[in-house]
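> Test case, fold it:
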Amino acid sequence: MKRRAVYCIAGAFLVMLIPLSCWMYLALGDAPPGDALKRFESQPNYYDGRFHNADPAAGVAVGPLDAAGIIVEHFRKPPRTRPAAPVPSVTSDLNAVTRSASVVWFGHSSYLIRSKGYTVLVDPVLCGYAGPLPCMMRAFRGSDAYHPGDLPAIDLLVITHDHFDHLSRETVIRLKKKIRRIIAPVGVGSHFVFWGFDPSMITELSWNETSVLRDGVRITAVPAQHLSGRGFVRDRTLWASFVLRVHGVTLFIGGDGGYGAHFREIGATYGPFDLVMLENGRYNRRWSAIHMRPEEVIAAAIDLRARMVMPVHWGKFETRSHDWNEPIRRLLREAGRRGVVVTVPMIGETYPVGAPARRAAWWELD
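I've put the predicted structure just below:
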């Protein structure tokens, strides 16, 4: 009887393990093939078999002591890493044609840009979680108000890098029939090809390369200070920020990245910006080179010559390095001190670029 029970338990475990393994295999995507890796050798920031930041000191090395510290920090998390009440949201008509550029934030780093019937979707994670498995990195209550079925046709999907909280296989598969074109950093297109997307609809850009999409719309990949990878091998794909010019408005799509001299260079070359979307969350001392502290976000906005800042990369998923709403509190204090204008719309709220800042303190839920 005991042996039979063991066999039953082992069988049940295997039955669960097989679909989970298949799900994980698909979610990881696919690394660029060998011929693509040879093509990367012409890139100035690709050497030793991987991509590098412009600042060599911005790499992230994790040794045994660092790994132990990360584990300790995981169990010594701050007291309010998740909100005490559901995150509020607004229901907007995403199919409405806007007269000028507007932005709808979906929480974390996902947002929709609309302008005169042209629609751009950035880093969509609209499936309730931000990891390789549905049980990992679950969204806050109320923050997952929008799903792929709510979105209109997407003229352009922009992916800043291939981390799970910026590129969700489940989300893009559910959006597949709505997506007309994809812009991504070099190498990231391999994931989409693995998932069955037509390679002809994918354009990969290196830093400082531009794609002209249609009259009045053009996008340029610019440097960011970060890293990439969906499995155990890092930096086989590039990461980037983007400058989007749409119908006379200039926007900065920041993605993820640490603070550095590249912001001032981008501001001098492409600025001023009408609106910049900058990451503001998931920072700690170990990741100081690849994630900005709120005070650095404001410094980056000044360097970019931004007329207004919209902080993203917060408000939806838990990080164990700070309270869930600490980033926005710190950022607003620094913005007030340095005279930077910040808009903080609710999830789903349409913000027309150039309109007065949205500053209702909806994040004060504790």
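> what are the ranges of the helices in this structure?
2-28, 34-40, 64-75, 169-174, 189-194, 262-270, 294-304, 326-338 (DSSP state H).
> Tally up the residues packed near residue 269, please.
Counted by other CB atoms under 10 Å, the residues lying close to residue 269 total 11. Using the backbone N, CA and C atoms, a C-beta is placed for each residue, glycine as well.
> pLDDT score for it?
What the model reports as pLDDT for residue 269 is 98.
> What of residue 79?
82.
> residues in contact with the residue most central in space within the chain?
Nearest residue to the geometric centre of the chain (CA atoms, centre = their mean): residue 166, 3.7 Å. Counting by CB atoms under 8 Å, 6 or more residues apart in numbering, residue 166 makes contact with 109, 123, 125, 159, 160, 255, 256.
> nearest spatial neighbour of it, skipping sequence neighbours?
Leaving aside its chain neighbours, residue 166 sits nearest to residue 123 (4.1 Å; criterion: CB to CB, 6 or more residues apart in numbering).
> Number of residues surrounding the one you found?
Around residue 123 there are 26 residues (other CB under 10 Å).
> quick one, strands of the stretch 151-300 of the chain?
156-158, 182-185, 202-205, 210-214, 217-222, 241-246, 249-253, 275-279 (DSSP state E, counting those that start in this stretch).
> Among these, show me which one is buried the most.
The highest average neighbour count among the strands of the stretch 151-300 of the chain, using mean count of other CB atoms under 10 Å, belongs to strand 275-279 at a mean of 27.
> Now do residue 124 against residue 335, distance only.
Counting by CB to CB, to the nearest Å, the gap from residue 124 to residue 335 is 27 Å.
> Residue 29 now?
Counting by CB to CB - residue 29 and residue 335 are separated by 37 Å.
> Now the phi/psi pair for residue 363, please.
Per-residue torsions, residue 363: phi -80, psi -10 (degrees, to the nearest 10).
> now it, nearest residue through space, not along the chain?
Leaving aside its chain neighbours, residue 363 sits nearest to residue 325 (4.5 Å; criterion: CB to CB, 6+ apart).
> ditto for residue 364
residue 325 (7.3 Å).
> What is the burial count for residue 95?
Neighbour number of residue 95 under other CB under 10 Å is 11.
> Could you check what's spatially nearest to it, not counting adjacent residues?
residue 152 is the one closest to residue 95 (CB to CB, 6+ apart), at 4.7 Å.
> pLDDT score assigned to the one you found?
pLDDT, read off for residue 152, is 97.
> these two touch, right, it and residue 178?
Yes. Between residue 152 and residue 178 there is a contact under CB atoms under 8 Å: 7.3 Å.
> one step back: surely the residue nearest to residue 364 touches residue 361?
No. In this structure residue 325 lies outside contact range of residue 361 using CB under 8 Å: 9.5 Å.
> For residue 209, see how far away residue 170 is.
Distance, residue 170 to residue 209, by CB to CB: 29 Å.
> Sorry, slip of the keys, the one I care about is residue 178.
As for residue 178, its distance to residue 209 is 26 Å (criterion: CB to CB).
> do the same with residue 191
Applying CB to CB to residue 191 and residue 209 gives a distance of 19 Å.
> neighbour count winner among residue 124 and residue 335?
Taking other CB under 10 Å, residue 124 and residue 335 do not tie; residue 124 has more neighbours (27 against 20).
> Low-confidence ranges, this protein, go.
1-21, 23-25, 59-76 (pLDDT under 70).
> What distance do you get for residue 176 to residue 196?
8 Å.
> And these two? Which one has more around it.
Neighbour totals were compared for residue 176 and residue 196, and residue 176 leads with 14 against 8 (other CB under 10 Å).
> ok, and the closest non-adjacent residue to the more buried one?
Nearest non-adjacent residue to residue 176 (CB to CB, 6+ apart): residue 197, at 6.9 Å.
> How many residues are close by the nearest residue to residue 279 once chain neighbours are set aside?
In this structure, residue 279 finds its nearest non-sequential neighbour in residue 313, 3.6 Å apart by CB to CB, 6+ apart. Residues near residue 313, counting by other CB under 10 Å, number 28.
> Touching, residue 313 and residue 282? I think so.
Yes. Look at residue 313 against residue 282 with CB under 8 Å: they come within range, at 6.4 Å.
> so how far is residue 53 from residue 252?
Taking CB to CB, one finds residue 252 at 18 Å from residue 53.
> let me fix that: residue 246
28 Å.
> again with residue 322
When residue 322 is compared with residue 53 (using CB to CB), they lie 24 Å apart.
> So what sits opposite the residue found closest to residue 306 once you drop the neighbours it is linked to in the chain in the bridge?
Nearest residue to residue 306, sequence neighbours excluded (CB to CB, 6+ apart): residue 276, at 4.2 Å. Using DSSP bridges, the bridge partners assigned to residue 276 are residue 252, residue 309.
> isn't residue 276 right next to residue 308, touching?
Yes. The criterion here is CB under 8 Å, and residue 276 meets it with residue 308 at 7.5 Å.
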